[in-house]
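Participant: sequence and predicted structure below; questions after.
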Amino acid sequence: MGRYFRDLWIGIVTVLQGMRVTFGHLFNRRITVQYPRETVPMYPRTRVTLVNNAKDCGFCLSCKRACPVNIFTIVGARAEPDEDLGILPDGKPKKMHILEFKIDMSKCVYCGLCVDACDTQSLHWELPQEPSVFRRQELHKDFSDMSEEDKARVRAREEQKKKDRAAQAAAKAAPPKGDTPVE
């Protein structure tokens, strides 16, 4: 009979201990965040979103080489010798137009290797106001600072250069006129 009352007492004590924790969470408003009206502050070193400052980017492609999951799509074109694109943070002149600098954050593993590899520190982590998105396409970011007209102009110039190089290579490979092969 004593064992029965001892087990009953242990059951009541453990239920009261559990209810004390439950009631503590129920009446303490600091535990639950009412999400749309309240947000939890993020720590300053949180890795949330990669951002690239295109005017400081030197098109070295070190971020693309360092990335283990290939989240970068980077397309560039060499500037003409007479074009002034500005000076990079390391003091060197900028020599490349950045036509595309796309980052696919849906594949990112947040390792930070690309940020560490960036020589000019144009690629960095940023804390957005709202890190969640509703569609996967919203995770694809383009950081090119060129307008569509400028991109079209530079691409047309690059295509013309390719055609000129192909014509020169064909002219070198073709035998000169007037010479007939001897059999």
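Facilitator: Okay, I see it. Numbers count the residues shown, from 1 in each chain.
Participant: determine the longest strand present in this protein.
Facilitator: In the chain, taking DSSP state E as the definition, the longest strand is strand 96-104.
Participant: paired strands for it, with orientation please.
Facilitator: strand 72-78 (antiparallel), strand 140-142 (antiparallel) (DSSP bridges).
Participant: just give the closest residue to residue 42, not the sequence neighbours.
Facilitator: Once flanking residues are discounted, residue 42 sits nearest to residue 127: 5.3 Å by CB to CB, 6 or more residues apart in numbering. (Each C-beta comes from the backbone N, C-alpha and C, glycine too.)
Participant: tell me how far the one you found lies from residue 48.
Facilitator: Per CB to CB, to the nearest Å, residue 127 is found 5 Å from residue 48.
Participant: and for residue 166?
Facilitator: Look at residue 166 and residue 48: by CB to CB, they are 46 Å apart.
Participant: the two - which one has more neighbours?
Facilitator: Comparing residue 166 with residue 48 by other CB atoms under 10 Å, the one with more neighbours is residue 48, at 13 against 10.
Participant: thinking again about what came up before, can you add distance to residue 17 and give the strands paired with strand 96-104 back as TSV?
Facilitator: Listed next are the strands paired with strand 96-104 as TSV, based on distance: least, CB to CB, whole Å:
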stretch	distance to residue 17
strand 72-78	54
strand 140-142	50
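Participant: most tightly surrounded among those strands?
Facilitator: strand 72-78 (a mean of 17; mean count of other CB atoms under 10 Å).
Participant: who touches that strand?
Facilitator: Under the contact criterion CB atoms under 8 Å, 6 or more residues apart in numbering, strand 72-78 has outside partners 59, 61, 63-64, 95-104, 114, 154-155, 157-158.
Participant: what does stretch 145-155 give?
Facilitator: With contacts defined as CB under 8 Å, 6+ apart, stretch 145-155 is touched by 54-55, 77, 97-99, 144.
Participant: what average pLDDT does it get?
Facilitator: Averaged across stretch 145-155, pLDDT comes to 87.
Participant: where's residue 65, which helix or strand?
Facilitator: Taking DSSP states H and E as the criterion, the element that holds residue 65 is helix 62-66.
Participant: list the buried ones in that helix?
Facilitator: 62-63, 66 (16 or more other CB atoms under 10 Å).
Participant: can I get the residues you listed in a markdown table with pLDDT?
Facilitator: What follows is those, written out as a markdown table (pLDDT from 0 to 100):
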| residue | pLDDT |
| --- | --- |
| 62 | 92 |
| 63 | 92 |
| 66 | 94 |
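Participant: out of the residues you listed, which one sits closest to residue 21?
Facilitator: residue 66 (46.6 Å; CB to CB).
Participant: which non-adjacent residue is nearest that closest one?
Facilitator: The nearest residue in space to residue 66 (CB to CB, 6+ apart) is residue 117, at 3.8 Å.
Participant: check contacts around the one you found.
Facilitator: Applying CB under 8 Å, 6+ apart, the residues contacting residue 117 are 62-63, 65-66.
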